[in-house]
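Chemist: Predicted coordinates and the sequence they were generated for:
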Amino acid sequence: MAVNPAPPLNVAFLLARAQRACRTAMDAALQAHGLSLAQYAVLRRLEDDPGLSGADLARRMHITAQTVNRLIAALEHAGLLERFPDANHNRILRARLTDAGQRAVTSARRAVAAVEERMLADLTPEDRAQLFDLLRRCADALELPARREVATGWQPRIVAVEDEEERTAQG
């Protein structure tokens, strides 16, 4: 009796596997700096764009305002950022890194870069550029479906599993 080979791995599975491995490695690297990945993301965003409000951060990071507020409160308590009132709207609080926050994000950035370098170590510069481009295009295809659908008339092609298995067996 013939044994059926294992089904081929698909791109989404491999992408999820790579994301999990990357996340695990980044969490471990950032833990040594006393930060979570979410806290690091807030610090990096404020480093790039100081003075954002909690609502601004939530929109840019695609997370809830409540989550951002908890992150900001923890980072403020740790002395890594400070909040200040908006010049025009006293109810809006803006955030910026403190000197300690800048030192922390600089140090953590090196740790995150080391994880990325380890992940990409076996890739040539050309492979890295191609990977970056392909991943960007994949993300764009899923993040911008309405724009793509309107611009091209694109419709998803649904292939039944049985059809795919039959084609694979024939091919």
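Modeler: Now that the structure is in, tell me what you want to look at.

Chemist: Could you pull out the helices in the chain for me?
Modeler: Counting by DSSP state H, the chain has helices at residues 11-31, 37-48, 54-61, 65-77, 99-120, 125-143, 145-152, 161-170.

Chemist: deepest of the ones you listed, which one?
Modeler: For the helices of the chain, average neighbour numbers computed from mean count of other Cβ atoms under 10 Å are highest in helix 37-48, which has a mean of 19. C-beta coordinates here come from the backbone N, C-alpha and C atoms, glycine included.

Chemist: just to revisit the earlier point, looking at the helices of the chain, which is nearest to F84?
Modeler: The closest of the helices of the chain to F84 is helix 65-77. By Cβ to Cβ, the value is 10.9 Å.

Chemist: Which other helices and strands does that closest one contact?
Modeler: helix 37-48, helix 54-61, strand 81-85 (3 or more Cβ pairs under 8 Å, 6 or more residues apart in numbering; DSSP states H and E).

Chemist: Can I get these in TSV including mean pLDDT and distance to A21?
Modeler: Below are those laid out as TSV (pLDDT from 0 to 100; distance: least, Cβ to Cβ, whole Å):
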stretch	mean pLDDT	distance to A21
helix 37-48	96	13
helix 54-61	93	22
strand 81-85	95	30
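
Chemist: now these as TSV including distance to R20?
Modeler: Shown next, in TSV, are the helices and strands packed on helix 65-77 (distance: least, Cβ to Cβ, whole Å):
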stretch	distance to R20
helix 37-48	12
helix 54-61	20
strand 81-85	29
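
Chemist: for those, which one sits closest to L144?
Modeler: Once these are compared by Cβ to Cβ, helix 54-61 is nearest, at 16.6 Å.

Chemist: Which one of the helices of the chain lies nearest to L93?
Modeler: helix 54-61 (6.9 Å).

Chemist: Just the angle for that closest one relative to helix 65-77, thanks.
Modeler: Using axes from the mean of the first three to the mean of the last three Cα atoms, to 10 degrees, one finds that helix 54-61 and helix 65-77 are set 110 degrees apart in direction.

Chemist: Run the angle between helix 54-61 and strand 81-85 for me.
Modeler: Using the same axes, to 10 degrees: helix 54-61 against strand 81-85 is 130 degrees.

Chemist: No further questions, thank you.
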